[in-house]
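**Student:** with the sequence up front, the predicted model follows.
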Amino acid sequence: VQLQESGPGLVKPSQTLSLTCTVSGGSITTDYYYWSWIRQPPGKGLEWIGYIAYSGSTYYSPSLKSRSSISRDTSKNQFTLQLRSVTPEDTAVYYCARGGSPSLVMTMEYDYWGQGTQVTVSS
């Protein structure tokens, strides 16, 4: 299984950050996988953003829930993160990854990761 993030590397404050993860070698609808977005701000640890499950259900970190949306396009085997009203504090490397259960997702135990994509929020 391979995951690849794509999207703009520079976003202006107050705009919406949109990233897509394209999955190959496995279907995002296969039972019982959970497809996550994670980020790592400069000099800080990993932060889980949310996931979309094989069923299409979603779950978000409470700290980002009000600004986050994760959706999917099963015909393209992709899932997408939208983060609204971004500020410079949203500058980070963003990763997509696959987890085998909600508990493993919460503890950052993933079996496959994308390479990550740098997103900078700046005017």
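**Tutor:** Everything's here; your move.
**Student:** please make it C-alpha for all contacts and neighbour counts, starting now.
**Tutor:** OK.
**Student:** which helix or strand in this structure has the lowest average pLDDT?
**Tutor:** Between all helices and strands in the chain, the lowest mean by mean pLDDT, DSSP states H and E belongs to helix 102-106, at a mean of 88.
**Student:** residue 3 and residue 111 touch, don't they?
**Tutor:** No - counting by C-alpha atoms under 8 Å, residue 3 stays clear of residue 111, with 11.1 Å between them.
**Student:** more neighbours: these two, which one.
**Tutor:** residue 3 (21 against 11; other C-alpha atoms under 10 Å).
**Student:** any idea of the pLDDT on the more buried one?
**Tutor:** Listed pLDDT for residue 3 reads 98.
**Student:** equivalent analysis for residue 89, please.
**Tutor:** Value listed for residue 89 in the pLDDT field: 97.
**Student:** helix/strand/coil for it?
**Tutor:** Three-state call for residue 89 (DSSP: H, G, I helix; E, B strand; the rest coil): helix.
**Student:** give me the most central residue, this structure.
**Tutor:** Most central in the chain under C-alpha atoms, centre = their mean is residue 37, positioned 2.1 Å from the mean C-alpha point.
**Student:** what sits opposite it in the beta ladder?
**Tutor:** Residue 37 has the following beta-bridge partners by DSSP bridges: residue 50, residue 96.
**Student:** and the nearest residue to residue 95 once chain neighbours are set aside, how far from residue 71?
**Tutor:** If the residues on either side of it in the chain are set aside, residue 95 comes closest to residue 116, at 4.4 Å by C-alpha to C-alpha, 6 or more residues apart in numbering. As judged by C-alpha to C-alpha, to the nearest Å, residue 116 and residue 71 stand 19 Å apart.
**Student:** compare these two (neighbour count), which wins?
**Tutor:** Between residue 116 and residue 71, counted using other C-alpha under 10 Å, the more crowded position is residue 116 (20 against 17).
**Student:** show the contacting residues for the more buried one.
**Tutor:** By C-alpha atoms under 8 Å, 6 or more residues apart in numbering, the contact set of residue 116 is 4-5, 93-96.
**Student:** mind doing that once more with 6 Å?
**Tutor:** Residue 116 makes contacts with 93-95, as judged by C-alpha atoms under 6 Å, 6 or more residues apart in numbering.
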